[in-house]
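**Student:** using only what follows, build the 3D model:
(3 chains)
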Amino acid sequence: MALKTEPFVLNLGPVHPSTHGVFRMRATLDGEVVVDIEPVFGYLHRGVEKLTEQRTYTGIIPLTDRLDYIASMSNNLAYVLAVEKLAGIKVPERAEYIRVIMAELQRVAALLIAVGSFLNDCGAYFTPFLYMFRERERIVDLFEMVSGQRLTYNYMRIGGVSQDIPAEFMPALRKFLDMMPRFLDEYDQLLMQNEILLARAKGVGILTREQAINCSASGPVLRASGVKWDIRKADPYSVYDRFEFDIPTGTVGDCYDRYRQRVAEMRQSLRIIKQAMEQMPPGPVKAEVPHLLHPPVGEAYGRIEAPKGELGFYLVSDNSIAPYRCHIRPPSLINLTALRDMIRGWKVADAIIIFGSIDITVGEIDR
Amino acid sequence: MTVALSGKEIATQIEEKFPESVVESSEKAVVVKSDSLLDVAAFLKDTPSLDFDYLNYITAVDYYDHFEVVYMLSSLEHNHSLVIKARCSDRESPALPSVVHLWQGADFQEREIYDLMGIRFEGHPNMKRIFLWEGFPGHPLRKDFM
Amino acid sequence: MAIIDFVINNQIHLQAVPPDWPGGFWWHWLFFTVVIIGFVLTLVMGVIYIERRGMGRMQSRLGPNRTGPFGLLQPVADAVKVLLKENIVPVAADKVVHWLAPVIAFAPALMIFAVIPFQNGALLADLNIGILYVVAISSVTTIGVFMAGWGSSNKYSLLGAMRNVAAVVSYEIPLVLAIVGVVLIAGSLSLNQIVLAQNIPFILLQPLGFLLFFAAGCAEINRSPFDLMEADSEIVAGFHTEYSGMKFAMFYLVEYAEAVAIAAIITTLFLAGWKGPLLPPWLWFIIKVLVVFFAMVWTRTTLPRIRIDQLMAFAWKFLFPLALINLVITAIQVLAWPTALPWITIIINLAIMAILVLIWSKFFFKLGWGRIEV
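**Tutor:** I've put the predicted structure just below:
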């Protein structure tokens, strides 16, 4: 005689130690196995897209900081790129190189958090998380030198960057670049072949190549599934076509591949920063842009390869001081499209890990 | 470099296959009629030379007399992209067919457009509000909200 | 009992007979009750401090260092804070079960210490079934945990409690089999006799048994890497989610008291209990317990946690066969050399342990089920 069981609904609620922000998942469980999962968004919806219609083009830059608050420089860059495309503004060389250095440093910092919190979800009780934060502190110190802020930098401007880098920035950056590869090697030694990590993350939450493309995944999630698509190479913006770097890809598309993918991307970012440092010319850091910008009527879509994926801004202008419509393409939200298919059939513990390996920031999902 | 395909050329191709479906076309985008949106989308996805298998984004803009829904498609293989637009003039209950069955990435984005602009997508398996709660009065991103 | 008859009893060279306590049995009992309760509570506080400070240093941050010199009064501050908190009981909870659960969980943790020797003959009751009593009592904690999970009327708690019951039941078996190996060599179930029989610590004679006991012990007490019963990042706090105030303090205490208990059992079984030169025996005992506990903190800080089905697979497919093999090999050795085990057995056992662990982990088991079709 079989026992009668019925599935029950568990709410991995908005306030939870492990859902990277206020994010809610309603899981239907049959014992420990997740039968269905439904993500619920909107706990951090601030109406950013509506707010942009009432601010000047320059005044929107601080708003963009707070989208993906872990990677502010990238958000700024995507937005000013879109405005420059719309208004046809040319950015001076030095500013382009500074932007590249900042964007790549930001990528390393954001990927450190992503990897650290993934390992935290796996249960390594904060130890790798704190080690990653130790490295992130150095990057944040560099950013503080440049912009005076530790989290929401508000550094890029339309036509360049807001101010030139101070004299002590380059030596500090050089020191950081010398130290960082050693730390990445140390983490690899401790974690890459760890039995328990392999048992938890290998083969778990597989996202196949076809599924990834169909679900419009982007960034490390897409590349870990085997698709060699990086906007820095496929559709280069700023001065990325002058640098030499590889695009790592994964094979299977499980959580372990996504973890390895992020670590490999960190190494490539360090390569780019080194080349940018050597090639940077002197000169002005901001083009002459009127204070209240009136771009011509039209529309433009500017996109970058943010640490989370393809971050794009779709701007429609009607020749006034504020945009007519500003739409933000959120990589975190679109990467979550495949969440349900990835999690069904695994257990609660795996649901948390799979969700952590996609790496979201709720500020970007909800805007 | 991703080649942004010329709207005019693609419009001629679409006109050959589906006559009377293109409303207007420019260098940057092709505007199609809302009833033929699904056919055109399937054609763009399945034709080997075009092969638009990746949906970059869907968004909607409120021009006071009509809504315009913008789709950007890319092909990862050929590295080209295209912008398709569809208009709906009904302000009370605008509706468009959903492309979720072609590109699953449209799932949350179409729900977002419904939530914030009010455009329903026919054929979407879960047409519910995504950010705001059920029962929220109005659609905030419309120009006449508040 | 037949095996113990075969093993020659006079292989154990008894040292001085435990002294006859003045005042008779009741004073002995009272003295030791006070000593045990004081010892456990103080050592738990010290152990909490070691854990927080040690974990902090390993994570390249300072642990608590404000309350008192070097943060030594931190556990006291924690205890005071917890006592002053409001006692919240969920409305839908089963009142009696909810109230009784911490008591049932805590009592066995203290009762285990009744049979652990602090010095030669210095224990509350020198039961001649000592270790069997310990195994039996430590299982009662699970009932308390399950009552907590059920009585809280909270799905997270129920999940945590179910996981706990499944894990504890599975890990009892390798635990007991590892103990039986030691008992075979020592020739007695009484913990006092086991310590007396250790001219060389049994960790050298039973390295595989030590590893099995350490792993199974960590799983029994819900410590990392097996702490999914109260996995902070998954099910909030597992079975003690709905507890606050003093009842939460009891569960917190249970966790550390059991850790100290397992460390104490490891010390008596494998590390020669209170034996050691120069220092008084009870001080040696405390030092060894703290060293074992430090090893537990070390594994907690370093390793991620494993999933529930991987936990069960680890117990049944890895620890259990190894425990059986260990038992058979020990039995063969004891039968082959009935009077005294020669030094060569140390090397043989170490080699067997290394080979078995390596081969078994490479070839014979796959952790967990993987994806299930839904």
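**Student:** state the pLDDT value of A:Arg367.
**Tutor:** With respect to pLDDT, A:Arg367 has a value of 83.
**Student:** ok, how many other residues are close to it?
**Tutor:** Other residues near A:Arg367 number 25, with proximity taken as other Cβ atoms under 10 Å in any protein chain shown. Yep, even glycine has a C-beta here, placed from its N, CA and C like the rest.
**Student:** now it. Nearest residue, chain neighbours left out?
**Tutor:** A:Val48 (4.4 Å; Cβ to Cβ, 6 or more residues apart in numbering or on different chains).
**Student:** now C:Ser139
**Tutor:** Ranked by Cβ to Cβ, 6+ apart and with sequence neighbours excluded, the top spatial neighbour of C:Ser139 is C:Glu172, at 6.7 Å.
**Student:** residues touching A:Val15, list them.
**Tutor:** Going by Cβ atoms under 8 Å, 6 or more residues apart in numbering or on different chains, A:Val15 touches A:Val22.
**Student:** for chain A, what's the nearest residue on chain C?
**Tutor:** Here chain C gets closest to chain A at one residue, C:Arg305, 3.0 Å apart by Cβ to the nearest Cβ.
**Student:** number of residues surrounding the closest residue to C:Arg307 other than its chain neighbours?
**Tutor:** Of all residues not flanking C:Arg307 in the chain, A:Ala349 sits nearest, at 4.6 Å (Cβ to Cβ, 6+ apart). Residues near A:Ala349, counting by other Cβ under 10 Å, number 27.
**Student:** any idea how far C:Pro225 is from A:Ala349?
**Tutor:** 13 Å (Cβ to Cβ, to the nearest Å).
**Student:** ok, the residue of the stretch 201-350 of chain A found nearest chain B to A:Arg329 distance?
**Tutor:** Going by Cβ to the nearest Cβ, chain B is nearest to A:Ser216 of the stretch 201-350 of chain A, at 2.7 Å. Using Cβ to Cβ, A:Ser216 is found at 9 Å from A:Arg329.
**Student:** spit out the residues that contact these two alike.
**Tutor:** Contact criterion Cβ under 8 Å, 6+ apart; residues shared by A:Ser216 and A:Arg329: B:Asn56.
**Student:** looking at those two, which is more packed in?
**Tutor:** When neighbours are counted by other Cβ under 10 Å, A:Ser216 comes out ahead of the other of A:Ser216 and A:Arg329, with 29 against 25.
**Student:** not counting its neighbours along the chain, what's nearest residue 286?
**Tutor:** No chain in the question, so chain A it is. Nearest non-adjacent residue to A:Lys286 (Cβ to Cβ, 6+ apart): A:Gly160, at 3.3 Å.
**Student:** oops, I was thinking of chain C
**Tutor:** C:Leu43 (7.2 Å).
**Student:** you'd agree the one you found is up against C:Phe285?
**Tutor:** No - between C:Leu43 and C:Phe285 there is no contact under Cβ atoms under 8 Å: 10.4 Å.
**Student:** so if I had to pick from these two, which one is more boxed in?
**Tutor:** C:Phe285 (27 against 20).
**Student:** sorry, back to before: wasn't the residue nearest to C:Ser139 part of a helix?
**Tutor:** Yes - C:Glu172 sits within a helix when classified using DSSP: H, G, I helix; E, B strand; the rest coil.
**Student:** how about it, what does it touch?
**Tutor:** Residues near C:Glu172 by Cβ under 8 Å, 6+ apart: C:135, C:139, C:216, C:220.
**Student:** check the residues you listed and tell me the two furthest apart.
**Tutor:** The span of those, defined through Cβ to Cβ, is set by C:Ser139 and C:Ala216 at 12.8 Å.
**Student:** what's the spacing between C:Val260 and C:Arg53?
**Tutor:** Look at C:Val260 and C:Arg53: by Cβ to Cβ, they are 17 Å apart.
**Student:** for these two, indicate the residue with more neighbours.
**Tutor:** A count of neighbours by other Cβ under 10 Å puts C:Val260 above the other of C:Val260 and C:Arg53, at 23 against 19.
**Student:** that one and chain B, how far apart?
**Tutor:** C:Val260 is 50 Å from chain B, where distance means Cβ to the nearest Cβ, to the nearest Å.
**Student:** shouldn't that residue be in contact with C:Val289?
**Tutor:** Yes - C:Val260 is within contact range of C:Val289, at 6.5 Å (criterion: Cβ under 8 Å).
**Student:** chain A: strands as residue ranges?
**Tutor:** Assigned by DSSP state E, the strands in chain A fall at A:8-12, A:24-30, A:33-40, A:156-157, A:160-161, A:298-306, A:309-317, A:325-329.
**Student:** ok, residues contacting the fifth one?
**Tutor:** For strand A:160-161, contacts defined as Cβ under 8 Å, 6+ apart pick out A:91-92, A:95, A:98-99, A:102, A:155, A:284-287.
**Student:** gap between it and the chain center?
**Tutor:** Relative to the centre of its chain, strand A:160-161 is centred 21 Å away, using Cα atoms, centre = their mean, to the nearest Å.
**Student:** kindly report the same for the first one.
**Tutor:** Taking the mean of its C-alpha atoms, strand A:8-12 sits 29 Å from the chain's own mean (Cα atoms, centre = their mean).
**Student:** would you put the C-alpha positions of it in PDB?
**Tutor:** Extracted in PDB, the C-alpha atoms of strand A:8-12 (Å, rounded to 0.1, in the frame of the first residue of the first chain):
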ATOM      1  CA  PHE A   8       3.300  21.500  -0.500                       C
ATOM      2  CA  VAL A   9       4.200  25.000  -1.200                       C
ATOM      3  CA  LEU A  10       7.300  26.500   0.400                       C
ATOM      4  CA  ASN A  11       7.900  30.200   0.200                       C
ATOM      5  CA  LEU A  12      11.600  31.000  -0.100                       C
END
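**Student:** quick one: contacts for the residue nearest to A:Arg260 when sequence neighbours are not counted?
**Tutor:** Leaving aside its chain neighbours, A:Arg260 sits nearest to A:Gly250 (6.7 Å; criterion: Cβ to Cβ, 6+ apart). With Cβ under 8 Å, 6+ apart as the criterion, the residues that contact A:Gly250 are A:223-226, A:257-258, A:260-261.
**Student:** how about C:Ala166?
**Tutor:** C:308, C:312.
**Student:** and the angle for the helix or strand hosting it with strand A:24-30?
**Tutor:** Secondary-structure assignment from DSSP states H and E places C:Ala166 in helix C:155-186. On the basis of axes from the mean of the first three to the mean of the last three Cα atoms, to 10 degrees, helix C:155-186 is oriented at 60 degrees to strand A:24-30.
**Student:** list the buried residues in helix C:155-186.
**Tutor:** Residues of helix C:155-186 classed as buried by neighbour count (16 or more other Cβ atoms under 10 Å in any protein chain shown): C:155-168, C:170-186.
**Student:** ditto for stretch C:118-125
**Tutor:** Using 16+ other Cβ under 10 Å as the test for burial, stretch C:118-125 gives C:118-124.
**Student:** show me which residues of chain B are close to chain A?
**Tutor:** Along chain B, the residues adjacent to chain A under the rule Cβ under 8 Å from any Cβ of the partner chain are B:1-2, B:28, B:53-57, B:59, B:61-62, B:70, B:72, B:76, B:79, B:83, B:103-109, B:112, B:116, B:130-133, B:140-141.
**Student:** cutoff 6 Å now
**Tutor:** Chain B comes close to chain A at residues B:2, B:53-55, B:57, B:59, B:61, B:76, B:79, B:104-105, B:107-108, B:130-131, B:140-141, as judged by Cβ under 6 Å from any Cβ of the partner chain.
**Student:** can you say which of those are buried?
**Tutor:** Among the residues of chain B next to chain A, those buried by neighbour count (16+ other Cβ under 10 Å) are B:2, B:53-55, B:57, B:59, B:61, B:76, B:104-105, B:107-108, B:130-131, B:140-141.
**Student:** so C:Ser139 and C:Ala216 - more neighbours on which side?
**Tutor:** C:Ala216 (28 against 13).
**Student:** pull the contacting residues for that one.
**Tutor:** C:Ala216 is in contact with C:171, C:174-175, counting by Cβ atoms under 6 Å, 6 or more residues apart in numbering or on different chains.
**Student:** can you tell me the element B:Tyr57 falls in?
**Tutor:** Assigned by DSSP H and E, B:Tyr57 falls in strand B:54-63.
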